[in-house]
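> I'd like to go over a predicted model; first the sequence, then the structure.
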Amino acid sequence: MACQRRPSHVDFGSLRRVEPVSRVFGLDRGLPIDRHYIEAFLSLHAADIRGRVLEVGDNTYTRRFGGGRVAQSDVLHAVPGNPSATIVADLGGPNDIPSDSFDCAILTQTLQCLWEPRAALRSLFRILKPGGVALATFPGISQISRYDMDRWGDFWRLTTLSARRLFEEVFPPENVAVEARGNVLAAIAFLHGLAAEELTPAELDCRDPDYEVLITVRAVKPGERT
């Protein structure tokens, strides 16, 4: 019989609690940890954000990372009422968003809120110009977004494997790059609602493939970019 090892003592400190430190992803404490990863991803691919750019919800990242490379900025929102929206349509359902229209589409933390992500990706592929780039992020290890859950839904959590399978149903596999960011410390901190400023850069940027806090995808529609 194998001997049983007694677990060593772990000092949870102020995290030994059943209520999170913050229920709003750490927004009340600083920059949310997933936003640290999202912004690092968009900064890495800032050159893709140019021409006519579509972003979901608002155009904060279009302006921040696209700057003078952006000729036209469009904002997509699923329901009426968003004053920033230039296009009101459901990406995951029937829509009349013009085909072959966008050089870049930014979808941060969006696909998990769509009941039909496959339909959304088919629409995404259709509306991109040849050579157009989709920059997408979605949660892996994360709390529920109560704001989204109570309005249109928070349905899915993905892994790098499921994200790759979904995108490769629409985009050529060689045009899809999938990565994950996070580690066990970042995951625990994010679930508790700590801010990125409360971890060191080394703690945030260490990557453990078994703790996927944020999934990122860069997918390119075949064709020559103009």
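Everything's here; your move. All figures in this text were calculated on a predicted structure; none of them were measured in a lab.
> Tell me where this protein has strands.
Defined through DSSP state E, the strands belonging to the chain, from first to last, are 51-56, 70-77, 87-88, 102-108, 128-139, 176-181, 214-220.
> Tell me which residue is most central in the protein.
In the chain, the C-alpha nearest the mean C-alpha coordinate belongs to Thr137, at 2.0 Å (CA atoms, centre = their mean).
> That residue pairs with what?
Beta-bridge pairing of Thr137, defined through DSSP bridges, involves Thr108, Thr216.
> contacting residues for it?
Listed by CB atoms under 8 Å, 6 or more residues apart in numbering, the contact partners of Thr137 are Asp34, Tyr37, Ile38, Phe41, Leu107, Thr108, Gln109, Leu214, Ile215, Thr216, Val217. Yep, even glycine has a C-beta here, placed from its N, CA and C like the rest.
> what's the burial count for the last one?
Right, Val217. Taking other CB atoms under 10 Å as the neighbour definition, Val217 ends up with a count of 24.
> Next, find the distance separating it from Ser14.
35 Å (CB to CB, to the nearest Å).
> go on, the fourth one?
Distance from Phe41 to Ser14, counting by CB to CB: 30 Å.
> and Pro94, how many residues sit next to it?
If you count neighbours by other CB under 10 Å, Pro94 ends up with 8.
> Could you pull up the residues touching it?
The contact partners of Pro94, by CB under 8 Å, 6+ apart, come to none.
> In the chain, where is pLDDT below threshold?
1-6, 226 (pLDDT under 70).
> if we go to 50?
Confidence mapping of the chain against pLDDT under 50 gives the ranges 1.
> can you give me the helices in this structure?
Taking DSSP state H as the criterion, the chain contains helices spanning 33-44, 60-61, 117-127, 146-149, 160-168, 184-192, 201-205.
> Who wins on neighbours among the contacts of Thr137?
Ile215 leads the contacts of Thr137 on contacts (other CB under 10 Å) with 28 neighbours.
> mind listing what it touches?
Contacts of Ile215 by CB under 8 Å, 6+ apart are Thr137, Phe138, Pro139, Gly140, Leu158, Thr159, Thr160, Ala163, Val178, Glu179, Ala180.
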